[in-house]
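# quick one, fold the following:
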Amino acid sequence: MKTLVTGGAGFIGSHLVDGLIIKGHEAVILDDFSAGNRAFLNPAAKVIEVDIRDADSVDRAFKEHAPEAVFHLAAQISLRESFKDSQAAHGVNVIGSMNVINASKAAGVKKIVFASSAAVYGDNRNLPIKETEPIKPASPYGEQKAEIERALKESGIPSIILRYSNVYGPRQGTVGEGGVVAIFCKKLAAGSPLIIFGDGEQSRDFVFVSDVASANIRALSSNQNFGVYNVSTSAETSINEFTSILLQEAQKETTIEHTQAVPQEVIRSSLDSAAAARELNWKPATGFSAGIAETWQWFSKHL
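Presented below is the predicted three-dimensional model:
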């Protein structure tokens with residue numbers, strides 16, 4: 001199948017492109033390299049350097065390459081940046097996404113798979129959160145993801161929404177900080193102290209990047225007009241637990257410092273992925289310790 005991956009030079013997108021090519025699909029990468037990394041590019045993929053906010057350039061790319069399926073991962077992903085400059089984040093996450101949707105419609109794309117987020121649920125304590133829970137984003141980033149989910153539902157293009165929990169793995173955060181796993185791996189490799197906000201008992205649902213890529217590929221086989229699925233492990237891991245596992249897998253010691261908790265931080269997070277298992281035949285295949293070991297090995301060699 002002819003596929004196009006926006007953000008295909010990024011952390012998750014590059015793993016997805018690798019997976020698509022292994023499965024025999026053609027892949028075109030659309031990326032502006034603001035967060036993507038040329039070192040991650042699969043040589044079998046075509047690459048177009050385009051900012052998704054540039055509607056004319058997006059239209060030309062879609063017309064030239066005529067993809068059958070689009071994986072839309074390009075985004076400004078920082079929750080904190082969305083608070084600092086919501087207008088800039090809106091430009092990428094909403095205006096840019098609408099450009100992708102409009103270009104897809106004009107090019108006759110048969111399916112869009114959209115990278116959404118647990119952020120659309122806000123601080124929901126009914127864990128693990130099912131897809132039927134209310135959409136109550138507590139951040140501009142979550143609001144922007146929810147807005148594009150609605151736009152896809154109304155677009156008439158068959159679409160699968162994948163709401164990611166906390167994705168981690170090799171290649172994360174090479175531009176900017178990335179998530180806590182990438183931050184701690186980089187600090188540990190540099191011999192710097194690990195700084196934990198608050199008491200460290202806040203939990204996250206960590207899902208390995210290759211499992212997220214496989215969920216995207218599984219979504220290709222769905223014949224629904226519209227579907228929404230959590231991509232997660234359905235398990236909670238505290239920051240303290242993660243830190244202990246990282247130090248054990250890395251066989252390193254370092255200083256651990258605690259600082260003030262982040263205001264309005266979600267304390268507990270976990271998504272129920274039973275629907276993806278049932279309807280997409282997808283389950284995460286990588287245990288947390290194994291994923292952390294692989295992630296650490298990558299960071300220890302690439303920093």
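
# drop to CA atoms for contacts and neighbour counts, all remaining ones
OK.

# Ile292: what secondary structure?
Here Ile292 is helix, with the state taken from DSSP: H, G, I helix; E, B strand; the rest coil.

# count of neighbours near it?
25 (other C-alpha atoms under 10 Å).

# hang on, it packs against Gln248?
No. Counting by C-alpha atoms under 8 Å, Ile292 does not reach Gln248; the two are 9.9 Å apart.

# what score does Leu79 have for pLDDT?
Looking at Leu79, its pLDDT reads 64.

# excluding its backbone neighbours, what's nearest Ser86?
Excluding the flanking residues, the one nearest Ser86 by C-alpha to C-alpha, 6 or more residues apart in numbering is Pro140, at 6.2 Å.

# can you report phi and psi for the one you found?
Note on Pro140: its backbone torsions stand at phi -60, psi -40 [degrees, to the nearest 10].

# now do it, the pLDDT please.
According to the prediction, Pro140 has pLDDT 91.

# check Val262 too.
At Val262, the pLDDT value in this model is 83.

# OK, contacts around it?
Contact partners of Val262, counting by C-alpha atoms under 8 Å, 6 or more residues apart in numbering, are 197-198.

# related to what we said a few turns ago, right, and the residue nearest to Ser86 touches Ser78 too?
No. Applying C-alpha under 8 Å, one finds Pro140 not in contact with Ser78, separated by 10.2 Å.

# higher neighbour count, these two?
Of the pair Pro140 and Ser78, Pro140 is the one with more neighbours under other C-alpha under 10 Å, namely 23 against 15.

# endpoints of stretch 187-194, how far apart?
One end of stretch 187-194 to the other measures 7 Å (C-alpha to C-alpha, to the nearest Å).

# starting at the chain centroid, how far to it?
Distance of stretch 187-194 from the chain centroid (C-alpha atoms, centre = their mean, to the nearest Å) equals 25 Å.

# next, the buried residues of it.
Neighbour-count burial for stretch 187-194, with 16 or more other C-alpha atoms under 10 Å as criterion, is recorded at 188-189, 194.

# over to stretch 214-223?
Those would be 214-217, 219-220, 222, for stretch 214-223 by 16+ other C-alpha under 10 Å.

# would you turn these into JSON lines with pLDDT and secondary structure?
JSON lines is the format used below for the buried residues of stretch 214-223 (pLDDT from 0 to 100; DSSP: H, G, I helix; E, B strand; the rest coil):
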{"residue": "Ser214", "pLDDT": "98", "secondary structure": "helix"}
{"residue": "Ala215", "pLDDT": "98", "secondary structure": "helix"}
{"residue": "Asn216", "pLDDT": "98", "secondary structure": "helix"}
{"residue": "Ile217", "pLDDT": "98", "secondary structure": "helix"}
{"residue": "Ala219", "pLDDT": "98", "secondary structure": "helix"}
{"residue": "Leu220", "pLDDT": "96", "secondary structure": "coil"}
{"residue": "Ser222", "pLDDT": "96", "secondary structure": "coil"}
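
# can you list the residues you listed in a markdown table and add distance to Asn37?
Below are the buried residues of stretch 214-223 laid out as a markdown table (distance: C-alpha to C-alpha, whole Å):
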| residue | distance to Asn37 |
| --- | --- |
| Ser214 | 21 |
| Ala215 | 22 |
| Asn216 | 21 |
| Ile217 | 22 |
| Ala219 | 25 |
| Leu220 | 25 |
| Ser222 | 30 |
